[in-house]
Structures are given as structure tokens and as C-alpha cells.
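J.: Requesting a structural model of the entry that follows:
(chains A and B)
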Amino acid sequence: MNIINFYKYRITAFIFSFLLILFSVFLFIKDNLNLGIDFKGGILIEANFSTPPSLSDLREKLIGISVGNVEIQEFGSPENILIRIEKNSEKKEEQNALINNIKNELPSEIDYRRIEFVGPKVGKELQIMGIKAVLFSLIAMFSYIWFRFSGWQFGLGALVALFHDVLSTIGFFSLTQIEFNLASIAAILTIAGYSINDTVVVFDRIRENLAKKESPFSELLNLSINQTLSRTLMTSLTTLLALLALYIFGGEVVRGFVSAMMWGVLIGTYSSIFIASPLIALLGFKIIKQDQ
Amino acid sequence: MLSLSKWRIFFVCLVCISGIYFLYPNFFNKTEVTALPDYFSKKQVNLGLDLQGGSHLLLEVDTKSVLKEKSEYLVDDIRSALRKQKIKYSNLGSKLSGAVVTITDKEKIDLARRSIRENIEKGIQIDTQQNKLNLSFSDEYIIDSNIKTVDQSIEVVRKRVDESGTKEPVIQKQGEKRIIVQLPGIKDPERIRSLIGRTAKLNFHLLDPTTVELAQQRGKLPPGTFRVSNADPTAYEKEFLVKKRILLTGDNLVNAAATVDPQSGKYVVAFEFDRKGGKKFAKITTENVYQRLAILLDSKVISAPQIREPITGGQGNISGNFSPETANDLAVLLRAGSLPAPIEVLEERTVGPSLGLDSIEAGKKALVVGFVLIILFMIFRYRIFGLIADFAIIFNIILLVSLLSLIEATLTMPGIAGIVLTVGMAVDANVLVFERIKEELRSGRSIMNSIDLGYKFALKTILDANFTTLIAALLLYNYGSGPIKGFAVTLSIGIVTSMFTALILTKLIVSLWVVKLKPSRLFLT
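T.: Numbering: from 1, shown residues only, chains lettered A, B, ... in the order given. Model (predicted):
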């Protein structure tokens, strides 16, 4: 079997990842996330016109009647329009009236495919909930790995890889300006789950090899990564195939979620090979023979 | 050793057959399913509102307003208690949750305290600070009051939704003071929302003969009156001067219906009082003939008719500027009763039927295409083993959907994405096993031995790897809402079923193949 020396590239990989994270944080600070109404509060309307409307006319009309920030874009096809209105008013009657006003302003034969309204209170709550969900799951995975592999180096290696994946996915959302909503939180958690899955497979092999081979740790790491490599690539490929099908045929609503997942599968695969495993060595894991 | 015990075969077949049995009802629509013979399961996967179309509303009951109202009643109770005992007091007023009063007769503080105590409910605490009495609701009292308020609100909301003709609504409490309302397949969510969101307090007052303009010229309102705007802003009379005293409330109504008034040909809401209300109404209309009555709904005048003659039958009409819909809505509101507290719509998500259908179609297509791609890819890569893995994937979906039906889970669009993703990730367990078998073969072991060891070594890895994914899915379930929960459910169940199909089902098929046909090579390498 040809053994690829992944361990040799660790410094390059660390520098690359460091820059990637830096870039992600930079993008996040510069452009922020394109927060959807889930987190920001406001109104979202998906309307299907019988003929493609003029976006600038629509914008003018809607700015005339609403108080907040109006965003209008095509969604999937020129007839299908997504209207987002960010509004900070706490008055409940106004929200109700606003939706009615918008409807009055638009032609009557429109098919309203989606109308969503999230109040500012709920938006705040969902924000907190999303952050909690991501943080708690990272902590839970870290603890599980630490416990299962009886070495904090394993836990920390996995945790760093997870943060790497999550941060770069947030960078991906900043860069593409894909709407960041509840589904995006689901995407981040699935990516975390997927990436840790990959990492665990490699770690597992490292543990197994530790028990039966006498060789330097770096060699052992390399061997383990190589032994699991074809599985890692196969699973990434099949998952990407499923995602590709969802991306092409799954409709506009899930497209943002799916693109983030695709990025996550790539970055998760990369991080378990180039970040998580070499980190164990870097963190000073010493081979101590244990009774199995 | 490869085990081919009869029990194992029996167990695997049993699971697979039950899978098909519980999957089967999903091929029928709701009415067809009920017509199935009794020995069929009737449980189906429910379609989420994002797939079948409909409205999801999150409401919050303003429980504080009830406490505020109770505080105002408390002030009345204190006043009457002190007056009865002829105790002098000052600075009597309500707080957000309680009331305060200063007793000016310092010697009578104890008497005041006792007589107030007798006049008020049990859960109210009285603290004395020198000659000041501080009344506040106990925590238990507040909790109890809030529970009652929310429960009553749910009842009223349910009545209103039922009356509006929505089929199969789901109305449930969430947390302490929130209500979730799910309305499948409704076409006009704004109408339902305005129906649910209105407090619908109906009060009968008398109109003051002075007009608003006249009062403005004089610079002050007649005593005991207040200004109320017209519910119909386009009407000629924009504002009314209404006497403060409430003569009758909507609580005394027993029935209301939208009808056409034969004389004017316009829509009116006919109402009927209970006996007590009917008597009161008769008295009011007798004593105040030729005066104008003011009918207030949520502090706006909806109608101000002149009393032409005493109405003794306990029935009457509200004539406003009604369309058939608004007349009907008002009748629904009056029949269902008023909400004990205002309700705020915190969140609303409505999906039209066309998007729902498109999503189902898109989901099906994505599932089939993703499925076919993976099946072909697995055969290309692992030959016979690929075929066996494909068989496992098919059963994985069957078992996944059958388990979803068994718990009558709700399938959402993210849920479908979860299934497609599960298909992609489910092969992972198979891949782990196959790659391991390959490795063992390469290291020179026999076919039997390699298969045995392949499954054995892969098992540990698969358990660890899937457990971590399960952690993510469970946290997602715990923190997610609505559709996201659906994603978490399909993902978690998918992980569990994939372990069964990849570890137990394929192992049995591989074992059968190897033991019975004794192939000379596995075509894996």
C-alpha cells in the first residue's frame, strides 16, 4: 500500500487553516452574516407572479408603504419574488396591517407561497437558542471523545477541528451572503456531527494501532490516516452525491442549507485528516502502553 | 464466527417485514387508510405545515394585564372595606401587581388590616409599614392566575378556530404563557390571525348627547364620559362621547349570528342574551328610549343605534358597516367569548398550498436521484458487496419511514433533506465494514476470517462515530423549533436504522452468500 505522508504537511495545513479562520473572522466582522428574519425579526413573503415583475417598480411601491428596510430578490425564477422587510416596530397591529398593505399593493392574482413573520422578541430568543445549541453540542462531543479515547489530547484535537469547521462555515455564510436562518444552524450542527464522525474513525484506528504496533507516534498517525483514507473519501463522495441531488432537485428553499452542507463535508474531511490527528501529536500525546 | 442461526435469520426477517407492514399505510391518503381492513396499521407519517400548506402561529398571552386588572379590583375591595368601617385613608392606588393605601387614623391600622383581610382573596399578602398598607399577590397566587388566564385563552382561541371552520387544528400550550396554533391548509391566514388576536370585549354603554365638537368648544368633557373612536374610520362620525358606566357586557350573550336585515338589506349581527342579560337589556332600553346606545368592541364603537322602543325579548341586532365576512367574524368572536387578556402574535409562518406541493415533488425527486446515484456508485465500487449495501439502503429507508409512521412523526422539508442525507451517510457504516474486510483480505486472511474480523473491528468505530452524530441530532431536537425538529428526528432515526441495516442485515446476507455459495473470491479488491 502506498502510504501518503500526511503528517509531513501538518505545518502547511496549520498555516492554511489559520489563514482560513482569520479570513472567516475578517469576513464575519466586515460583512457580517446575512441574518434572516428568524434571527432579526421582520416579514418574509414569497410571491409567485403570473409574469415577471419589474423589481425596481416593486421596490418603489413597497418602500412607499413600509417603515422598515425592504429587500426584494428573485427566488428560483423571475416570476418568483422574495420580499423581506426588516422592521423594528414593537406594535403588533402594525405588523398585521403591514402584511395587508403589501397584499393590497401587489396585483391580486399573485400566489402567496410563503408568508412569515417573526417578532423581535422571538428573533432574540432564536439567536440565543442557536448559539446554545452549537456550543453545547461542541462541548458534548468534546467530552464524549475525551472519555472514549482516554486522552484529553484526542478531545482537544477533535474540538479544535470542530471549531475550525464551524468558524469556516460561518465564513462561508459571510462570503456567499446566503441567508443565515434556523436551517443554517441545523447545517452547522450536521457539519459538526459529520466532521466528528470522520475524526472518530481516524482516532479509532489510531487507538487500535497504538495497542498493537511499536513505532513512532508520527508514523502511527500516518498509517492510521492512510488505512482509513479510502473510507473517508468514499463516504464524503456518497454524501456529496446525496447533497448534489438535493441541491439540483430539492428546490430553492433548501438550497442555502445544502450549499453550506457541501462546504461542510469538504472542510470536515480536510480537518479530520490534516488538523485533528496531527494536533494530537502536537499536543504532546505520549504513548503509554495500556492494558486493553 | 459467521453466525447463521435460525434465530438470527428469523429476527432479521421479522424486523424487515414489520418495516414493510408499517410503511404500507403511507401509500394511501387519509380516507383510504381508514377504509383498510382492521389488520393493517393505520398510522401514517404526517406532513408538516411546510409540505401540506397552512399556518403556524406562536401567541403570547399578556398575563400581566390580568394582574393589573385584578389590582384595580383590589383597590375597589379596599375602598369598600375601609368605608364600611368608616376608617379614614389616603393615597389609595393600584400597582402592577397589588395595591397600596395609607391609613390616616393611626389607631385604626389593625382594624383596617383585619377588615381588608376579610374583604379580599386568600393569596394576597398585606405588609404594614408604619401606617402604610402594602398589598401584593403571593407568588402562588400569580402562578395560579397566570395558569388560569392562559388556559382560558386557549379555550377561547380553540372555540374561535373551531367556529371559523378550520379542520384539524392543533392548539397547545408552550412554556408558561405561550400558545402554539397550527392550522393546516388554510387559505386566508390574515383573517384567522385577526380573529385569534382580537380580545373581543363587548361592552354596552350609553352615548352622551353632547357631541365631541361641542365638548371641544367648551374645553372639557361632561363628567363621567370618555372619548371613543369609531371602529370604522371612514364613517361620518369619527369619535363619540360615551358614558363611562358599563351597562352590559358580552359575557351575557348566549348566541350570535350574521344575518341580513330584511328592512335595510344590509348585513347585521343578531345576538341573544341569557335570561339575566335579557332582563337588564329590557330595563336599559325601557329607561332610555330615544337615547343612543354605544356598542363597544375592544374600546372602539362598532355601532351606536338609537333605542326606538323597549326591547324585552332579550334579542337585538348590531348594525355596522359590515361585509358578509366581517359580520360573520364578529358573530364568531361573540359566540366564542372574549379573551381574558390581550394576545400578541410573536411568530407566524404560512406556507401556501402550491409551495407545499412543489416541496413534496422536489423532495421526492431529490430522494430518488440521490438514491440512484449512490446505488450505482456503490455497485461500481464494491460489486456484489455494493449490491448488498444497496439492498441495505433500501431497507434503511423502509425502516426509517416505518418508524416515523409508528411514532406518527411530522415530516417537514428539512426532514426530507435529513432522509436524503441519511442515505448518503448510511452507506458509511457499510463502507467502513467493506474497507475493513478488504484490508483483512490483503493481509492474507481467509475469506471467512476477513469478513468476521471486518464486521468486528468496524463495529466499535461505527458505534463511536454514530454516537457523536446522535449527540448533534439530539441537541438539535432539543433547541430547534418546528421544521428543524423534523430534521433532527429523521436524522436520529436514520442513524439507528442504518446501524441495523449495515451491521446486522448486510452481515446476514454476506454470511448466507459466503456459507452457501462458497465463492472463491469476494471481488472486493
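J.: among the helices and strands of chain B, which has the poorest mean pLDDT?
T.: Ranked by mean pLDDT, DSSP states H and E, the helix or strand of chain B with the weakest confidence is helix B:189-197, at a mean of 79.
J.: ok, and does that helix reach over to chain A?
T.: Yes - residues of helix B:189-197 are located near chain A by C-beta under 8 Å from any C-beta of the partner chain, namely B:Pro189, B:Glu190, B:Arg193, B:Ser194, B:Gly197. Heads up, the C-betas are built off the backbone N, CA and C, glycines and all.
J.: So for the helix or strand hosting A:Phe163, mean pLDDT?
T.: Using DSSP states H and E, A:Phe163 maps to helix A:152-176. For helix A:152-176, mean pLDDT rounds to 93.
J.: List the buried residues for that helix?
T.: Going by neighbour count (16 or more other C-beta atoms under 10 Å in any protein chain shown), the buried part of helix A:152-176 is A:153-174.
J.: the helices in the stretch 301-450 of chain B, which residues?
T.: Secondary structure of the stretch 301-450 of chain B (DSSP state H, counting those that start in this stretch): helices located at B:324-336, B:353-406, B:413-442, B:447-479.
J.: ditto for chain A
T.: Listed in chain order, the helices of chain A (DSSP state H) span A:10-31, A:37-40, A:55-65, A:92-105, A:120-149, A:152-176, A:182-212, A:217-249, A:252-271, A:277-282.
J.: Distance to B:Ile295 added to those, as TSV?
T.: Formatted as TSV, these follow (distance: least, C-beta to C-beta, whole Å):
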stretch	distance to B:Ile295
helix A:10-31	56
helix A:37-40	39
helix A:55-65	32
helix A:92-105	21
helix A:120-149	34
helix A:152-176	54
helix A:182-212	44
helix A:217-249	56
helix A:252-271	46
helix A:277-282	75
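J.: Those: lowest mean pLDDT?
T.: Across the helices of chain A, helix A:92-105 gives the lowest mean pLDDT, at a mean of 72.
J.: Disregarding residues adjacent in the polypeptide, which is nearest to residue 230?
T.: Picking chain A for this. B:Glu435 (5.5 Å; C-beta to C-beta, 6 or more residues apart in numbering or on different chains).
J.: ah, no, chain B please
T.: B:Val301 (5.3 Å).
J.: Might you report the residue contacts of that neighbour?
T.: B:Val301 sits next to B:Val228, B:Ser229, B:Asn230, B:Ala231, B:Phe240, B:Val242, B:Ala294, B:Ile295 when contact means C-beta atoms under 8 Å, 6 or more residues apart in numbering or on different chains.
J.: in which helix or strand would I find the residue nearest to the spatial centre of chain B?
T.: For chain B, the residue nearest the mean C-alpha position is B:Ile180 (1.8 Å; C-alpha atoms, centre = their mean). B:Ile180 is part of strand B:178-184 when elements are defined by DSSP H and E.
J.: Next, see if that strand gets close to chain A.
T.: No - Strand B:178-184 lies apart from chain A when judged by C-beta under 8 Å from any C-beta; the minimum separation is 9.8 Å.
J.: what pairs with whichever strand or helix holds B:Thr128, and is each one parallel or antiparallel?
T.: Secondary structure from DSSP H and E places B:Thr128 in strand B:124-129. Strand B:124-129 has the following strand partners under DSSP bridges: strand B:132-137 (antiparallel).
J.: which parts of the partner strand are buried?
T.: Those would be B:Leu133, B:Leu135, B:Ser136, B:Phe137, for strand B:132-137 by 16+ other C-beta under 10 Å.
J.: Now do that strand, average pLDDT.
T.: pLDDT averaged over strand B:132-137 gives 90.
J.: Would you mind identifying the next helix or strand past it?
T.: Downstream of strand B:132-137 (by DSSP H and E), the next one is helix B:139-163.
J.: Next up, the contacts around B:Val161.
T.: B:Pro169, B:Ile171, B:Val181, B:Leu183, B:Ile192, B:Leu195, B:Ile196 are the contacts of B:Val161 under C-beta under 8 Å, 6+ apart.
J.: Please produce TSV containing those residues, extended by neighbour count.
T.: Shown next, in TSV, are those (neighbours: other C-beta atoms under 10 Å in any protein chain shown):
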residue	neighbour count
B:Pro169	18
B:Ile171	19
B:Val181	24
B:Leu183	24
B:Ile192	23
B:Leu195	21
B:Ile196	24
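J.: Which two among those are spaced furthest apart?
T.: The largest separation in the contacts of B:Val161, counting by C-beta to C-beta, is between B:Ile171 and B:Leu195 at 13.2 Å.
J.: quick one, phi psi at the closest residue to A:Ser259 other than its chain neighbours?
T.: Spatial nearest neighbour of A:Ser259, excluding adjacent residues (C-beta to C-beta, 6+ apart): A:Ile178 at 6.3 Å. Note on A:Ile178: backbone dihedrals following degrees, to the nearest 10 are phi -70, psi 140.
J.: what about A:Ile178, neighbour count?
T.: Counted by other C-beta atoms under 10 Å in any protein chain shown, the residues lying close to A:Ile178 total 20.
J.: got the angle between the strand holding B:Thr128 and helix B:139-163?
T.: Using axes from the mean of the first three to the mean of the last three C-alpha atoms, to 10 degrees, the direction of strand B:124-129 lies 140 degrees away from that of helix B:139-163.
J.: contacting residues around strand B:124-129?
T.: B:74, B:98, B:109, B:113, B:116-117, B:133-138, B:141.
J.: Would you mark the buried spots in it?
T.: Quick answer for strand B:124-129 (16+ other C-beta under 10 Å): B:Ile124, B:Ile126.
J.: how many other residues sit next to A:Tyr112?
T.: 20.
J.: What residue spans form the domains of the chain?
T.: Looking at chain A here, since you left the chain open. Domain segmentation of chain A under automatic domain parsing yields A:7-36+A:123-282, A:42-118.
J.: other chain: chain B
T.: Following automatic domain parsing, one finds the domains of chain B at B:6-53+B:352-517, B:63-142, B:198-350.
J.: want to throw the ones you listed into a markdown table with distance to A:Thr12?
T.: Formatted as a markdown table, the domains of chain B follow (distance: least, C-beta to C-beta, whole Å):
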| stretch | distance to A:Thr12 |
| --- | --- |
| domain B:6-53+B:352-517 | 27 |
| domain B:63-142 | 60 |
| domain B:198-350 | 47 |
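J.: Tell me the residues of the stretch 1-150 of chain A that contact chain B?
T.: Within the stretch 1-150 of chain A, the residues that sit near chain B (C-beta under 8 Å from any C-beta) are A:1, A:46, A:48, A:92, A:95-96, A:99-100, A:103, A:111-119, A:121-122, A:126, A:129-130, A:132-133, A:136-137, A:140-141, A:144-145, A:148.
J.: again, only using 7 Å
T.: A:46, A:48, A:92, A:96, A:99-100, A:111-119, A:121-122, A:129, A:132-133, A:136-137, A:140-141, A:144, A:148 (C-beta under 7 Å from any C-beta of the partner chain).
J.: Kindly report the same for the stretch 151-292 of chain A.
T.: Residues of the stretch 151-292 of chain A lying close to chain B (C-beta under 7 Å from any C-beta) are A:182-183, A:186, A:189-190, A:192-193, A:196-197, A:200-201, A:204, A:227, A:230-231, A:234-235, A:238-239, A:241-243, A:245-246, A:249-251, A:253-254, A:257.
J.: Pretty sure A:Ser168 sits against A:Ser24.
T.: Yes - between A:Ser168 and A:Ser24 there is a contact at 5.1 Å, judged by C-beta atoms under 7 Å.
J.: If anything else comes up later, I'll come back, but that's it for now.
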